[in-house]
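Undergrad: Next one to model:
(chains A and B)
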Amino acid sequence: MSALDSAAEERSPLRELIAALGRSRTFLVGAAILLFWIFCALFGEFIVPYDPLADDIINSLLPPSAEHWFGTDQLGRDVFSRVIVGSRDILTVAPLATVLATVLGTTLGLITGYFRGLVDDIVSRIIEAFMAIPVVIVALLAIVALGPSTLTVITVIGLAFSPIIARTVRSAVLAERELDYVAAAKLRRENALYIMFGEILPNVLPPILVEATVRLGYAIFAVATLSFMGFGIQPPSPDWGLSVSTNYGMIGGGFWWTVLFDSLAIATLVVGVNLIADGVAGTLDD
Amino acid sequence: MTDALAVERLSVAYRVGGRDRAVLRDVSFRVGRGEAYGLVGESGCGKSTVALTAVRYLPRAGRITAGRVTMDGEDVTALDSDQLRHLRAHTVSMVYQDPGKALNPTLRIGKQVAEIFTLAGASQAQAQERAAEMLRRVRISDPKRVMERYAHQLSGGMQQRVAIAMALAKNPALLILDEPTTGLDATVEAEVLDLIVQLRREFGTSILFISHNLAVVARMCDRVGVLYAGMLVEEGPTAELFNAPRHPYTVALLRCLPRAGEHKDHNRLDTIPGTLPAPGARITGCPFADRCALADDRCRRELPPLIDLGGRFARCHYHERAAFLPRQTPAEVRLPAARSDAAPVLEINRLNKTFHSGDHALRAVADVSLAIGAGETLGLVGESGSGKTTFARLVLGLLPPDQGGVVALDANPLPPLLEERAEDQVKALQIVFQNPDSALNRAHSVRRIIGRALSRLGGLSGDALKTRLIELIQSVRLSERHLAVKPRQLSGGLKQRVAIARAFAGAPRLVVCDEPTSALDVSVQAAILNLLADLQAERQVSYIFISHDLGVVRYLSDKIAVLYLGRIMELGSSERVFDGPHHPYTEALLSAVPRLEGKQPSRIRLEGEIPSASNPPSGCVFHTRCPRKLGAICEEKEPPFVEEEAGHSLRCHIPLAELAKLQGKAL
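TA: Got it, this is the predicted structure:
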């Protein structure tokens, strides 16, 4: 039985995945962007040249210069400092919303995929109805009803994204439940809960991981949109969406720097997360 | 005259993880004009790589590191892409294992076949005509109708005929057949092999025939080469090679196959210990030395040359002693299972299963009644679609049977569904599935897979579980170091041992074995069959053994049930059913099996395809294909299932005495 000896060289699937991700240029670029913003969120306030919240009305609306790299806004706050620190709220809210969506969606997907039948029919129709309404509209309605708060934003986006994840998980579960190891589990009297979470879930983690990363990109976008509309992150946070919302009226006056750098920050974060998602999906497909 | 194919000192390597791994080492052979040359060997020995190299279809990581291949006098290794296209279009054709994947699912059969002729310059009308003619030549009786169909509307055998027709359409100098019958039923396999034999006579095509099935190669080929770890270890004329092999590997392979007359009660099968060297492994001496009972220091040090033995070759220092290769597994059976005639473990009475889809009702299992004693093996045979697996799932409670059928354990009727059965009842009936990759959770370690079964079925925990776990894996000949790994890190044979250990975790009374060895190589199969027989002898467990390999079924079974369209056609002791007189369907099944030894019995051809179970023929369901059909009575009246002699029942209008006469058997 020397088969094992040659097999022993083989690394665990997780380590193999990490090694493969290390070779994926797409993933590495995305990860670098995301890590940069995470670093800014954690330590930004210690490295920025100015207090991002401190007004300085005398120096308001200065164009970019050696002193203020990205200029100042209408209250005279340093735009560069605000952009650096502005990642903090969105990088808390969007990932938490994604985690909520993933947990809920995975549970729903496992239940509908495993039981099928009537449960599946009912839940799937509700999911489809839910998905037909644009996320932002649903979110707006909920926030108007519940009042804007970080918790509401997380809950609403988490709920709104969970059906999409549920659908992905369900289709993966439909394939898994036909495999013989599920029949073998039934033949030792395992209950449905154990079969779903103990047997099937570990095998559908890869598609869940990909879907969750893709959703994170959308969640960032959704949070930024809500903040822009005034229903997301609330002042005085230096949040990017919020800053764009406060300042976009001044583009006409030629004060482009008050909006451009925040918008670029949102764009880079979304692109970075999407690159990570592409890298993970590509690696798992190989 | 030039050879159709000449492979000269060919070495091929695959580049994996930045390292070249040799998969073919110094392989030389030739296929003469009109000759059929067979390449045999276990999976991973390089058979398919030879075929891919010959037509230059190697994957990107693959590279010819030495040697050359000439086809029809042309050096294949030196061709540019235009010349390669020309070669593939005119000189060589390939037929692969899975015809379903070889045919285009979106094109009608007629268009696919005709395309070959239009490419060669024929007009549309001409091409259609020639396509029909070609299909007729592969014995498709109604080519016009088949041409209108899509691939998925044809049976596997029919698809393979079409693939062969397409391969022969350009009248190639060389036809490469890579496991062409491996996925097919024995009866269909026999038809396809017959067809290839006939076509070879008509077309005079040279054939390179690749198969893991020694008996198929023996039947089809003039000369045979045996590959091991990418090396040709023996070559010679078919009859000589199989009757008097001169390489220990060939000897050992042949011994792994259960021969007629061998039975688990009388002898154990010989096995080949160890495993094939991994691709790219450094081999200094003989590649087989580690697994060979004849090997000595010289074998480990010095690679034997291909020694000329007068028209045949063997790569062994001790070729003259090969036939005396000591057994690796003693033949003696330690203790045959004591079978009692007392009350049966499992009784099945009038079991039915009908699947409904829309208006269609499909009767997959029809009126099956039988009984299995303690320590007894019931072999379940029949073509695919005969209801074998459905029957097993009904017994286990994974599917609910139709109202009225009874499955009784120790004379207590079982609730139809698993969820309603008591703990003891569930524990008593377990299964070993066909495909361990599907049956073992790939996310779990071996320890978790077996440990969980022990805690759920054996009611064990803590130290008691640990002790029992070690005992259990040792009883299936695994060791403790296998516990930490995931299934995918194990070879096929080891995976199946894990599955067997899991089935035995709760001390079952009966284990269903659903084609447990069909995915395994013969040397591994022999070890698994020995293991199943040993476990049965030790534990008095009963088996329902499902297999399409009649040799394997015969070796392991005490009783045989022959299924056709969900009905038992014949039921009796293993000797009775196999030795005959038997049901005409059994007769046809048996005559379809290619044999290595003795004379091939005259083939009983089964005409046509297995009818659909949703619309079974009237009267005797077998009458549409029966070679011994009497007449109207067979079409009108379903024959009763009658016990013709003690312990031997048949469903046939022909009396047993008459069948004996027809089949030339003593009653």
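
Undergrad: switch to C-alpha atoms for all contacts and neighbour counts from now on
TA: OK.

Undergrad: how about low-confidence regions in the chain?
TA: Since no chain was named, I'll use chain A. Within chain A, the segments meeting pLDDT under 70 span A:1-13, A:286.

Undergrad: looking at chain B here, not the other one
TA: In the predicted model, chain B carries pLDDT under 70 at residues B:1, B:334-342, B:598-602, B:667.

Undergrad: In it, what residue comes closest to chain A?
TA: The minimum distance from chain B to chain A, using CA to the nearest CA, falls at B:A439 (4.2 Å).

Undergrad: Might one say that that residue is in contact with A:L179?
TA: Yes: between B:A439 and A:L179 there is a contact at 6.6 Å, judged by CA atoms under 8 Å.

Undergrad: Pick out whichever of those two has more residues nearby.
TA: Set B:A439 next to A:L179 and count neighbours by other CA atoms under 10 Å in any protein chain shown: B:A439 wins out with 22 against 17.

Undergrad: Roughly how far does that one sit from B:E480?
TA: According to CA to CA, to the nearest Å, B:A439 and B:E480 sit 21 Å apart.

Undergrad: and what of B:Y14?
TA: With distances taken as CA to CA, B:Y14 is found 33 Å from B:E480.

Undergrad: Same drill for the two, tell me which one is more crowded.
TA: Shown here are B:Y14 and B:E480; by other CA under 10 Å, B:Y14 has more neighbours (22 against 13).

Undergrad: neighbours of B:D297, just the number please.
TA: Applying other CA under 10 Å, we find 9 other residues in the vicinity of B:D297.

Undergrad: what about the residue nearest the centre of chain B, which helix or strand?
TA: What sits nearest the mean C-alpha location of chain B, by CA atoms, centre = their mean, is B:S518, with 5.1 Å. Secondary structure assignment for B:S518, by DSSP states H and E: no helix or strand.

Undergrad: Give me the phi and psi for it.
TA: When read as degrees, to the nearest 10, the backbone of B:S518 gives phi -70, psi -20.

Undergrad: which residues touch stretch B:641-658?
TA: Contacts to stretch B:641-658, defined as CA atoms under 8 Å, 6 or more residues apart in numbering or on different chains, come from residues B:568-573, B:576-577, B:581-583, B:620, B:630, B:633-634, B:639-640, B:667.

Undergrad: Return the distance of the residue in chain B sticking out farthest from the centre relative to B:T91.
TA: Distance from the C-alpha centroid of chain B, by CA atoms, centre = their mean, peaks at B:S123 (42.4 Å). Going from B:S123 to B:T91 by CA to CA gives 22 Å.

Undergrad: what does B:I604 give?
TA: 35 Å.

Undergrad: thinking again about what came up before, if any of the contacts of stretch B:641-658 are buried, put those into a ChimeraX selection.
TA: The buried residues among those can be selected in ChimeraX (16 or more other CA atoms under 10 Å in any protein chain shown) with this line:
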select /B:568,569,570,571,572,573,576,577,581,582,583,620,634,639
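
Undergrad: Next, B:D367: secondary structure please.
TA: Using DSSP: H, G, I helix; E, B strand; the rest coil, the secondary structure recorded for B:D367 is strand.

Undergrad: For it, which non-adjacent residue is closest in space?
TA: For B:D367, ignoring the flanking residues on the chain, the nearest one in space by CA to CA, 6 or more residues apart in numbering or on different chains is B:R350 at 4.3 Å.

Undergrad: Can you get me a residue count around the one you found?
TA: Using other CA under 10 Å, B:R350 has 16 other residues around it.

Undergrad: For it, give me the backbone phi and psi.
TA: Given degrees, to the nearest 10, the pair of backbone angles that B:R350 has is phi 50, psi 50.

Undergrad: Ok, the one 3 residues further on next?
TA: Backbone geometry at B:K353, expressed as degrees, to the nearest 10, gives phi -140, psi 120.

Undergrad: in terms of contact, does it touch B:A364 like I think?
TA: Yes: counting by CA under 8 Å, B:K353 touches B:A364, with 5.7 Å between them.

Undergrad: tell me which parts of the stretch 51-200 of chain A are close to chain B?
TA: Residues of the stretch 51-200 of chain A lying close to chain B (CA under 8 Å from any CA of the partner chain) are A:L179, A:D180, A:Y181, A:V182, A:A183, A:A184, A:K186, A:L187, A:R188, A:R189, A:E190, A:E199.

Undergrad: Please name the residues that touch A:F80.
TA: The contact partners of A:F80, taken as CA under 8 Å, 6+ apart, are A:V48, A:H68, A:W69, A:F70, A:G71.

Undergrad: my guess is the last one meets A:D78, correct?
TA: Yes: under the criterion of CA under 8 Å, A:G71 lies in contact with A:D78, with a separation of 6.3 Å.

Undergrad: From the recorded domain assignment, give the ranges for chain B.
TA: According to automatic domain parsing, chain B comprises the domains B:101-169, B:248-324, B:346-540, B:580-663.

Undergrad: out of the ones you listed, nearest to B:N213?
TA: Of all the domains of chain B, domain B:346-540 sits nearest to B:N213, with 8.6 Å by CA to CA.

Undergrad: so how far is the closest one from its chain's centroid?
TA: 20 Å (CA atoms, centre = their mean, to the nearest Å).

Undergrad: Quick check, B:P273 in contact with B:A289.
TA: No: when contacts are counted by CA under 8 Å, B:P273 is not listed as touching B:A289 (11.3 Å).

Undergrad: the more surrounded of the two?
TA: Using other CA under 10 Å as the criterion, B:P273 and B:A289 rank with B:A289 on top: 21 against 17.

Undergrad: can you pull the contacts of the more buried one?
TA: B:A295, B:D296, B:C299, B:R300.

Undergrad: Now a ChimeraX select for only the buried ones of those residues.
TA: With 16+ other CA under 10 Å as the burial test, the buried ones among those are selected in ChimeraX as follows:
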select /B:295,299,300
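
Undergrad: mind listing which of the contacts of B:A289 are in helices?
TA: Judged by DSSP state H, the contacts of B:A289 include B:C299, B:R300 as members of helices.

Undergrad: Run through the helices of chain A in chain order.
TA: A:3-8, A:13-23, A:25-47, A:79-85, A:87-115, A:117-132, A:135-146, A:150-176, A:180-186, A:192-194, A:201-228, A:240-247, A:257-285.

Undergrad: Setting aside sequence-adjacent positions, which residue approaches the most centrally placed residue in chain A most closely?
TA: Residue closest to the average C-alpha location in chain A (CA atoms, centre = their mean): A:L216, at 1.7 Å. Counting by CA to CA, 6+ apart, A:T98 is the residue found nearest to A:L216 once chain neighbours are left out, at 5.7 Å.

Undergrad: Tell me the residues of the stretch 201-350 of chain B that contact chain A?
TA: B:P273, B:G274, B:T275, B:A278.

Undergrad: buried subset of these?
TA: Taking 16+ other CA under 10 Å as the criterion, what is buried in these is B:P273, B:T275, B:A278.

Undergrad: could those go into JSON lines alongside distance to A:W240 and secondary structure?
TA: Formatted as JSON lines, those follow (distance: CA to CA, whole Å; DSSP: H, G, I helix; E, B strand; the rest coil):
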{"residue": "B:P273", "distance to A:W240": "68", "secondary structure": "coil"}
{"residue": "B:T275", "distance to A:W240": "62", "secondary structure": "coil"}
{"residue": "B:A278", "distance to A:W240": "57", "secondary structure": "coil"}
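
Undergrad: What is the nearest of those to A:P148?
TA: Lowest distance from A:P148 to these (CA to CA) belongs to B:A278, with 62.8 Å.

Undergrad: Could you check how far that closest one is from B:A484?
TA: Noted for B:A278: a distance of 21 Å to B:A484, by CA to CA.

Undergrad: Now for the closest residue to A:P236 other than its chain neighbours: which residues touch it?
TA: Using CA to CA, 6+ apart and skipping residues adjacent in sequence, the residue nearest A:P236 is A:L53, 7.5 Å away. With contacts defined as CA under 8 Å, 6+ apart, A:L53 is in contact with A:R77, A:R82, A:P236, A:P238.
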